[in-house]
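Asker: Provide a 3D model corresponding to the input given below.
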Amino acid sequence: MGTGLELHSGRPRRKKGAQDTVLRSSYEYGEGPAPALSGLDPHRSGVLGRVDPYRDTVINEQEAEPAGRQIVALIERCPTEYRRPALLDLAAMLEACATTPGSYLWFIGD
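Answerer: Residues are numbered from 1 along each chain as shown. Here you go, the predicted model:
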């Protein structure tokens, strides 16, 4: 499957009605962002280093802003063209999260 992304207007939850807060979602890239994210050192790579592409991770609007700067470097180092669209979509979602007060970006791992 892969890593899905959901931008929420409030803290996401796994209960009935959880979709009420979804502003935008992306599931079409499958494993696209996973190799880039899994290669980051969780102790030295800031916010994106904490994202486990195979488990769920939630970041808030304050964390999304520095993560957006990090994703630029990942896109520049992207070794394959097929992964680039997934990283560009992640960059757009991070920017949207950073500029939407009270929002959260949920990395839905598989």
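Asker: lowest average confidence, helix or strand, in the chain?
Answerer: One helix or strand of the chain scores below all others by mean pLDDT, DSSP states H and E: helix 34-38, with a mean of 72.
Asker: what residues sit buried inside stretch 48-68?
Answerer: 48-51, 53, 57, 59, 61, 63-65, 67-68 (16 or more other Cβ atoms under 10 Å). Backbone N, C-alpha and C define where each C-beta goes, glycine included.
Asker: how long is that stretch from one end to the other?
Answerer: Start-to-end span of stretch 48-68 (Cα to Cα, to the nearest Å) is 9 Å.
Asker: how far away is the closest residue in space to residue 3 that isn't next to it in sequence from residue 108?
Answerer: Ranked by Cβ to Cβ, 6 or more residues apart in numbering and with sequence neighbours excluded, the top spatial neighbour of residue 3 is residue 53, at 4.6 Å. Residue 53 sits 10 Å away from residue 108, going by Cβ to Cβ, to the nearest Å.
Asker: what residues are shared contacts of those two?
Answerer: Counting by Cβ atoms under 8 Å, 6 or more residues apart in numbering, the contacts common to residue 53 and residue 108 are residue 3.
Asker: please enumerate the strands of this protein.
Answerer: Along the chain, counting by DSSP state E, strands occupy 4-8, 22-26, 57-60, 104-108.
Asker: save those strands as TSV, and put in distance to residue 33 and mean pLDDT too.
Answerer: Output for the strands of the chain, formatted as TSV (distance: least, Cβ to Cβ, whole Å; pLDDT from 0 to 100):
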stretch	distance to residue 33	mean pLDDT
strand 4-8	8	91
strand 22-26	9	90
strand 57-60	12	93
strand 104-108	8	92
